[in-house]
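A.B. asks: let's see this in three dimensions:
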Amino acid sequence: MAAWLGGASSPWEPTVTPRTIFAGENGVVLPLAWLLGTLLLIGAWLAGMRAPPTARWAYVTAGLWVVPLLPFLPLGSYDAYSYACQGWQQAAGLDPYSGGVAELGCPWAEAVAPTWLSSPAPYGPVFLLLAALAAKVGGSLTGVLAALRVIAVLGVGLIAVCLPALARRSGVPVGRAVWVALACPLIPIHLVSGAHNDAVMAGFVVAGVGLALSRRYVWAAGVLLGLAIGVKATAVVVVPFAFWVALRSPGGLSTGRWLSTGGRRGDAVSCQTGAGGGPPGRAGSVHGGSVREGSSGARSLRVAIELAAGVLAALAAASLLSGRGFGWITGLTGSGVSVQWTSPPTAIGMTVGLFGPDAVPVTRVLGIVALAFVLVFLWLRARTRDPLLFTGYALAATVLLSPVFHPWYATWALPILAATLHRHLRWLVAPCAVAAALCLPDGYNLALAVKSQGAILMTAFVIYLAWKALHEAKNRTRNRAGADHAVHRLPGRDA
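C.D. replies: All right, here's what the predicted structure looks like:
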């Protein structure tokens, strides 16, 4: 009901707010139906994690949750209409990187949100080609939206196909991984109904990382990751971590040494048909594994060259086919027009602005600088620990430290973390559950209703997390020093 009556419709209508929505022509029925449906979906997802279902049950249930949304209006965002216009411009021989709908025109311009009317396309050539295909095949606006939704479903399908191999490699139950990743309410609401291109990017990332597990298909992994970057540039953070994933021992990860990250010899999982192709009993779990110490410099160089060649070849081919070159890189500058406290760096800047000058531009730059340091730290740690898990951490850090956060951004890290995390799932599940409830059916973000309060709370939460991290690091250092001191003491009464 919410998707039929309250979804993003054409032409665009002034954004409803929590106050005005109850005065609409549908009264309280529409908002209550949306609220109830979203809460039921979140509740069912959380309940399913208490007793992990079988993989088949998880796949079927997640699919059934998607089906009712397929024939109705987009939910949670008007972005699908922007995609439709960018696809039409590309198909008509116009350059979507040179201007927005207001400058280049579009038959469906009235459906595009005013915020994005003058914004060039901030996406890569791969997505422009897909959007142009949707515009040619669909013809009318309804047809284009349907084609874009099919593309999004295919992206989610790619995640579904590749997820089990990652879960088995990490020793995570496949049913639990599928449930956490695909039954998350963000998937049906934003990736499928909203037709966000994040579905395609995430699909290519999961497939690329899965192929990187195999020593024979490193170049193909690079191609898939290049296609992901060609949809959204943020996927580039995965490439350095895919290098460590691909650089494991030929038959699987080194089983001679397990680090202190929780890996156990008993966690080893045979993966004869999954990525990696190692013989039974040798394909150790990625969890707790490390890149083999004996990996030669020649092998490292070959892996790096194959991976980089695949990425560059995919991007070059897409740029050539689209005829737009690398103009999409300059288009990224317009993606930060939204200012919301859901991005921690932006929230800190907003909080400072409540008591002084506008600090959002400064804190956003500091957030990017912090992200660079965090990614380098994670990359160095990934060499001796679980590279798959740290790939998920890298994507999560990119989401948290970026200047802008939209609810569907949480899906970037969701599949890989769902397939690799053994513990502390609440740090993945809780943010996704909150993000799923942030948007109203037509795309209004509830965070806008509490800008000042939200900014202060987010800033306080960041300060708390920073204090907690420093406190735990100090305790670990103290405990380690105490343990070293105890070694030099004599036992019993002789001490």
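A.B. asks: angles on the backbone of residue 166, please.
C.D. replies: Main-chain dihedrals, residue 166, degrees, to the nearest 10: phi -70, psi -40.
A.B. asks: my guess is it contacts residue 206. True?
C.D. replies: Yes - using C-beta atoms under 8 Å, residue 166 is in contact with residue 206, at 7.0 Å. Any C-beta I mention is one placed from the backbone N, CA and C, and that applies to glycine too.
A.B. asks: hey, what's in contact with both of those two?
C.D. replies: 415, 416 (C-beta atoms under 8 Å, 6 or more residues apart in numbering).
A.B. asks: export stretch 436-453 as PDB, just CAs?
C.D. replies: Provided in PDB are the C-alpha atoms of stretch 436-453 (Å, rounded to 0.1, in the frame of the first residue of the first chain):
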ATOM      1  CA  ALA A 436      16.300   0.800   6.900                       C
ATOM      2  CA  ALA A 437      13.900   2.900   8.900                       C
ATOM      3  CA  LEU A 438      15.300   6.300   8.000                       C
ATOM      4  CA  CYS A 439      13.300   7.100   4.800                       C
ATOM      5  CA  LEU A 440       9.600   7.600   4.200                       C
ATOM      6  CA  PRO A 441       8.100   6.000   1.100                       C
ATOM      7  CA  ASP A 442       8.600   9.000  -1.200                       C
ATOM      8  CA  GLY A 443      12.300   9.400  -0.100                       C
ATOM      9  CA  TYR A 444      12.100  12.000   2.700                       C
ATOM     10  CA  ASN A 445      14.900  11.300   5.100                       C
ATOM     11  CA  LEU A 446      13.700  11.400   8.700                       C
ATOM     12  CA  ALA A 447      17.200  12.600   9.600                       C
ATOM     13  CA  LEU A 448      16.200  16.000   8.200                       C
ATOM     14  CA  ALA A 449      13.600  16.400  10.900                       C
ATOM     15  CA  VAL A 450      16.100  16.400  13.700                       C
ATOM     16  CA  LYS A 451      19.200  18.000  12.100                       C
ATOM     17  CA  SER A 452      20.600  19.800  15.200                       C
ATOM     18  CA  GLN A 453      19.700  17.000  17.700                       C
END
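A.B. asks: next one: the helix or strand hosting residue 435 to chain centre, how far?
C.D. replies: Assessed by DSSP states H and E, residue 435 sits inside helix 426-436. Helix 426-436 sits 13 Å away from the centroid of its parent chain (C-alpha atoms, centre = their mean, to the nearest Å).
A.B. asks: who does it touch, helix- and strand-wise?
C.D. replies: In terms of contacts (3 or more C-beta pairs under 8 Å, 6 or more residues apart in numbering; DSSP states H and E), helix 426-436 is packed against helix 29-48, helix 186, helix 414-420.
A.B. asks: quick check: which of the ones you listed is buried the most?
C.D. replies: Across the helices and strands packed on helix 426-436, averaging neighbours per residue (mean count of other C-beta atoms under 10 Å) puts helix 414-420 on top, at a mean of 28.
A.B. asks: and the residue nearest the centre of this structure?
C.D. replies: By C-alpha atoms, centre = their mean, the chain has its centre lying nearest to residue 412, at 0.6 Å.
A.B. asks: quick one: contacts for the closest residue in space to that residue that isn't next to it in sequence?
C.D. replies: Once flanking residues are discounted, residue 412 sits nearest to residue 395: 4.7 Å by C-beta to C-beta, 6 or more residues apart in numbering. With contacts defined as C-beta under 8 Å, 6+ apart, residue 395 is in contact with 205, 237, 238, 412, 413, 416, 417.
A.B. asks: assign the third one to helix, strand or coil.
C.D. replies: Applying DSSP: H, G, I helix; E, B strand; the rest coil to residue 238 yields a three-state assignment of helix.
A.B. asks: can I assume it is in contact with residue 228?
C.D. replies: Yes - judged on C-beta under 8 Å, residue 238 makes contact with residue 228 at a distance of 7.2 Å.
A.B. asks: list the residues that contact both of the two?
C.D. replies: 205, 208.
A.B. asks: the residue nearest to residue 412 and residue 352: what is the separation?
C.D. replies: 28 Å (C-beta to C-beta, to the nearest Å).
A.B. asks: for the contacts of residue 395, which one is nearest residue 34?
C.D. replies: residue 412 (24.9 Å; C-beta to C-beta).
A.B. asks: residues contacting the closest one?
C.D. replies: Counting by C-beta under 8 Å, 6+ apart, the residues that residue 412 touches are 198, 201, 202, 205, 234, 395, 396, 398, 399.
A.B. asks: so where does residue 119 fall, helix or strand?
C.D. replies: Using DSSP H and E, residue 119 falls outside every helix and strand.
A.B. asks: how about residue 324?
C.D. replies: Counting by DSSP H and E, residue 324 is part of no helix or strand.
A.B. asks: which ones are touching it?
C.D. replies: Residues in contact with residue 324 (C-beta under 8 Å, 6+ apart) are 90, 95, 96, 97, 125, 128.
A.B. asks: quick one: the residue lying closest to the last one once chain neighbours are set aside from residue 140, how far?
C.D. replies: Leaving aside its sequence neighbours, residue 128 sits nearest to residue 90 (C-beta to C-beta, 6+ apart; 4.7 Å). Separation of residue 90 from residue 140 (C-beta to C-beta): 17 Å.
A.B. asks: sorry, back to before: which other helices and strands contact the helix or strand containing the residue nearest to residue 128?
C.D. replies: In this structure, residue 90 sits in helix 79-91 according to DSSP H and E. Packing contacts for helix 79-91, counted by 3+ C-beta pairs under 8 Å, 6+ apart, involve helix 101-104, helix 125-138, helix 141-170.
A.B. asks: mean confidence score for the second one?
C.D. replies: When you say that, I think you mean helix 125-138. The pLDDT scores in helix 125-138 average 95.
A.B. asks: re the thing from before, where's the residue nearest to the centre of the chain relative to residue 315, distance?
C.D. replies: Counting by C-beta to C-beta - residue 412 and residue 315 are separated by 19 Å.
A.B. asks: count of neighbours near the closest residue to residue 151 other than its chain neighbours?
C.D. replies: Among residues not flanking residue 151 along the chain, residue 130 sits closest, at 5.5 Å (C-beta to C-beta, 6+ apart). By other C-beta atoms under 10 Å, 24 other residues sit near residue 130.
A.B. asks: equivalent analysis for residue 10, please.
C.D. replies: So residue 10, with other C-beta under 10 Å, has 17 neighbours.
A.B. asks: also residue 207?
C.D. replies: Neighbours around residue 207, by other C-beta under 10 Å: 25.
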